[in-house]
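>>> show me how the following folds:
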Amino acid sequence: MPVSASRKQKTLDKQKPRYVLLAEEILAAIGDGVYPVGSLLPSEPQLCLQYQFSRHTVREAIRILQKLGVVSSHQGLGTRVEAEKVTSRYVHAFDAIPDLWEYAQNTKLRVMARGMVDAGDVPGDYSETSVSAKWCMVQALRYGRPSENLAWTKLFFRSEYSGIAGQVGRRRVPLYALIAERYGVRTFTVRQKISGENIPGAIAQHLKVKPGSAGIVITRRYFDADQRLYEITKSIYPAMRFSYDVEFRLEPGNDVRD
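Prediction:
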């Protein structure tokens with residue numbers, strides 16, 4: 001079923017990633033009865049043709065609808081419609097971008113090394129980085145006071161943004177803000193992973209803790225409007241210097257449609 005011109009134009013006017021626009025469009029079609037509960041959505045190739053989006057965008061849109069409980073995917077069968085609308089859910093109230101900016105403003109980076117690395121040396125899923133063979137790398141220590149190193153960190157970003165490499169550590173703004181300012185790249189998604197590990201000897205020396213002592217590792221991956229990975233940061237904190245406060249709130253689910 002073709003998308004109406006008025007609805008499509010209304011959707012495209014919104015400053016949102018394409019996969020979010022498509023998820024909203026499919027959700028609206030489900031609510032209008034185009035795809036009834038219990039039925040199967042068209043296949044990925046059919047959705048690509050119908051909505052004029054790439055296969056990657058279609059997959060990301062379906063992934064969002066799965067997380068919201070609207071559809072479910074079954075290997076060999078397809079994607080089944082499970083509900084007409086999104087149920088209320090608890091969401092993480094951490095406002096990622098402003099909070100990260102404040103953290104950067106209240107601390108400083110002491111750059112220890114700069115250079116280029118192969119995509120295979122960048123932390124995370126290699127398939128996400130392989131499009132760009134070379135990545136810029138900055139290794140630094142983050143501190144609040146000169147005598148207290150809070151974290152050892154490595155920052156990676158695509159080589160086409162190498163023009164801002166020299167500014168890292170000189171200005172109290174996050175790396176993503178430098179890239180946005182110079183190249184106009186907006187961050188639409190930040191994926192964060194927190195894990196624990198023993199701090200290696202060389203890094204422990206910089207952080208002034210015993211080698212092998214407990215550490216907290218935070219890895220963040222930054223995606224632009226096209227869900228293209230363009231920045232990765234990996235930071236190691238001594239466990240005794242790390243705290244993380246979060247809040248969850250109840251959010252009505254049907255606001256995803258407007």
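>>> strands of the stretch 1-150 of the chain, start to end?
71-74, 78-81, 89-92, 108-118, 134-145, 148-158 (DSSP state E, counting those that start in this stretch).
>>> these: lowest mean pLDDT?
Among the strands of the stretch 1-150 of the chain, strand 89-92 has the lowest mean pLDDT, at a mean of 46.
>>> and for residue 145, the neighbour number?
9 (other Cβ atoms under 10 Å). (C-beta placed from N, C-alpha, C; glycine too.)
>>> so where's this structure uncertain?
1-16, 86-105, 124-132, 146-147, 244-258 (pLDDT under 70).
>>> pretty sure residue 48 sits against residue 54.
Yes - the pair residue 48 and residue 54 qualifies as a contact (Cβ atoms under 8 Å) at a distance of 6.7 Å.
>>> show me what the residue most central in space within the chain is bridged to.
The centroid of the chain falls nearest to residue 190 when counting by Cα atoms, centre = their mean (2.5 Å). Note on residue 190: beta-bridge partners by DSSP bridges are residue 222.
>>> ok, residues contacting stretch 73-80?
With Cβ atoms under 8 Å, 6 or more residues apart in numbering as the test, stretch 73-80 has contacts from 38-41, 43, 62, 66, 71-72.
>>> start to end distance for that stretch?
With Cα to Cα, to the nearest Å applied, stretch 73-80 spans 6 Å between its terminal residues.
>>> quick one: buried residues of that stretch?
residue 79 (16 or more other Cβ atoms under 10 Å).
>>> quick one: distance of it to the chain centre.
26 Å (Cα atoms, centre = their mean, to the nearest Å).
>>> repeat for stretch 152-169
17 Å.
>>> mind listing residues that contact that stretch?
For stretch 152-169, contacts defined as Cβ under 8 Å, 6+ apart pick out 108-111, 114, 116-117, 122-123, 132-142, 175, 178-179, 181-183, 185, 203, 206-207, 230-236.
>>> please repeat the previous calculation with a cut-off of 6 Å.
Residues from elsewhere that reach stretch 152-169 (Cβ atoms under 6 Å, 6 or more residues apart in numbering): 109, 111, 114, 122, 132, 134-142, 175, 178-179, 182-183, 203, 206-207, 230-236.
>>> again, but for stretch 192-210
141, 149, 152, 211-213, 215, 217-220, 236, 238.
>>> ok, of these, which come out buried?
141, 149, 152, 215, 217-220, 236, 238.
>>> quick one, domains of this protein?
5-87, 96-241 (automatic domain parsing).
>>> circling back to that earlier point, could I get the buried ones among the contacts of stretch 192-210 as a markdown table with distance to residue 30?
Formatted as a markdown table, those follow (distance: Cβ to Cβ, whole Å):
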| residue | distance to residue 30 |
| --- | --- |
| 141 | 50 |
| 149 | 52 |
| 152 | 47 |
| 215 | 45 |
| 217 | 40 |
| 218 | 37 |
| 219 | 35 |
| 220 | 33 |
| 236 | 44 |
| 238 | 49 |
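>>> re the thing from before, between the contacts of stretch 192-210, which is closest to residue 83?
Sorting the contacts of stretch 192-210 by how near they are to residue 83, with Cβ to Cβ, puts residue 220 at the top with 31.8 Å.
>>> that closest one and residue 234 touch, don't they?
No - the criterion here is Cβ atoms under 6 Å, and residue 220 misses it with residue 234 at 8.1 Å.
>>> and the contacts of stretch 73-80 as CSV, adding neighbour count and distance to residue 168?
Conversion of the contacts of stretch 73-80 to CSV gives the following (neighbours: other Cβ atoms under 10 Å; distance: Cβ to Cβ, whole Å):
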residue, neighbour count, distance to residue 168
38, 8, 53
39, 13, 51
40, 13, 49
41, 21, 44
43, 12, 45
62, 21, 37
66, 15, 37
71, 26, 42
72, 14, 43
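>>> and which of the residues you listed is nearest residue 243?
For the contacts of stretch 73-80, the nearest to residue 243 is residue 66 (33.0 Å; Cβ to Cβ).
>>> which residues does residue 237 bridge with?
Taking DSSP bridges, one obtains residue 216 as the residues bridged to residue 237.
>>> I'm done for today, thanks for sticking with me.
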